[in-house]
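Peer 1: Please work out how this folds:
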Amino acid sequence: MHTRRIGDIEVSAIGLGGMPMSIEGRPDRDRSIATIHAALDAGVTLIDTADSYHLLAGEVGHNEELIAEALRSWGGDTSGVVVATKGGHLRPGDGSWTVDGSPAHLREAVEGSLRRLGVEAIDLYQFHRPDNTVPYADSVGVLAELLDAGKIRMAGISNADPQQIRQAQEVLGGRLVSVQNQYSPAFQSSHPELELCAELGLAFLPWSPLGGIGRAGGLGDRFDAFADVAANHHVSSQQVALAWELAQAPVVIPIPGSSRPETIRDSVAAAELVLGPEEITRLDAAVRSPQG
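Peer 2: Numbering: from 1, shown residues only. Next up, the predicted model:
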């Protein structure tokens, strides 16, 4: 598979988002493990998770534990696999989401993630979502502490705007390596952040790159141009969407969520799909006019 970089680390151009395997509508454990194994078999070396990817109140870190189990049980060499997790976003267990960006919570959260992942240092730790009750610099400052303490190898942020990206880079003394924001053909609000990441040389990790859980399957129905280009290449509209995102900038690394082996295999194939300049121009126009 083609590769891209997060900091000084080379990873697969397409990653795996673990969220669908742990929240509402999740599959059984065996299918989730098989999905992660299928990703690894296909050459995926970036797996994204978070301590808040769970369903019930008493199962914080469900997805982290699932990924750790899959890595232990896979028959291949996992030394080159980068596991990225996040802290600062919580699920009380009633279907809602809350935030806690306090330094005390983040320090506690990283210890839990280290334990569940079974590692001495987390490959990439990301501040999950800004907390308006806590100064952003205070939250990001914890990432600097964790880097200095050797508990995390790389630091990233998620759901950030351009000002927060620049502030995080300053607080971390130039050690910010990634930004994870929502981005897809249907969600273009993060394009300024993508452009800033390209300017600063930061990895940009689109979450929900196919439109989100329950919407990925209808991507071609909402965007005729993606369906047409897919038909010309004899591939899925989802592959075209991921290939189009990769073409936006060399720093883009989509992390499509998956809960079935066949869907992650299809997503991974997007890294090999080459779109022509005219196709990219057409797709660019389509996302600005969904009837395209």
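
Peer 1: drop to CA atoms for contacts and neighbour counts, all remaining ones
Peer 2: Noted.

Peer 1: What segments of the stretch 1-150 of the chain are strands?
Peer 2: Using DSSP state E, counting those that start in this stretch, the strands of the stretch 1-150 of the chain run over residues 3-6, 9-12, 16-17, 46-48, 82-87, 89-90, 98-99, 122-127.

Peer 1: got TSV for those strands, with mean neighbour count and distance to residue 190 too?
Peer 2: Formatted as TSV, these follow (neighbours: other C-alpha atoms under 10 Å; distance: least, C-alpha to C-alpha, whole Å):
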stretch	mean neighbour count	distance to residue 190
strand 3-6	20	19
strand 9-12	18	22
strand 16-17	26	18
strand 46-48	25	19
strand 82-87	24	19
strand 89-90	20	19
strand 98-99	14	20
strand 122-127	24	17
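
Peer 1: Need those in a markdown table (columns: mean pLDDT and distance to residue 154).
Peer 2: Below are the strands of the stretch 1-150 of the chain laid out as a markdown table (pLDDT from 0 to 100; distance: least, C-alpha to C-alpha, whole Å):
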| stretch | mean pLDDT | distance to residue 154 |
| --- | --- | --- |
| strand 3-6 | 98 | 9 |
| strand 9-12 | 98 | 10 |
| strand 16-17 | 98 | 18 |
| strand 46-48 | 98 | 13 |
| strand 82-87 | 98 | 9 |
| strand 89-90 | 90 | 19 |
| strand 98-99 | 94 | 22 |
| strand 122-127 | 98 | 5 |
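
Peer 1: Turn these into a markdown table, including distance to residue 66.
Peer 2: Shown next, in a markdown table, are the strands of the stretch 1-150 of the chain (distance: least, C-alpha to C-alpha, whole Å):
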| stretch | distance to residue 66 |
| --- | --- |
| strand 3-6 | 23 |
| strand 9-12 | 20 |
| strand 16-17 | 12 |
| strand 46-48 | 11 |
| strand 82-87 | 12 |
| strand 89-90 | 18 |
| strand 98-99 | 23 |
| strand 122-127 | 16 |
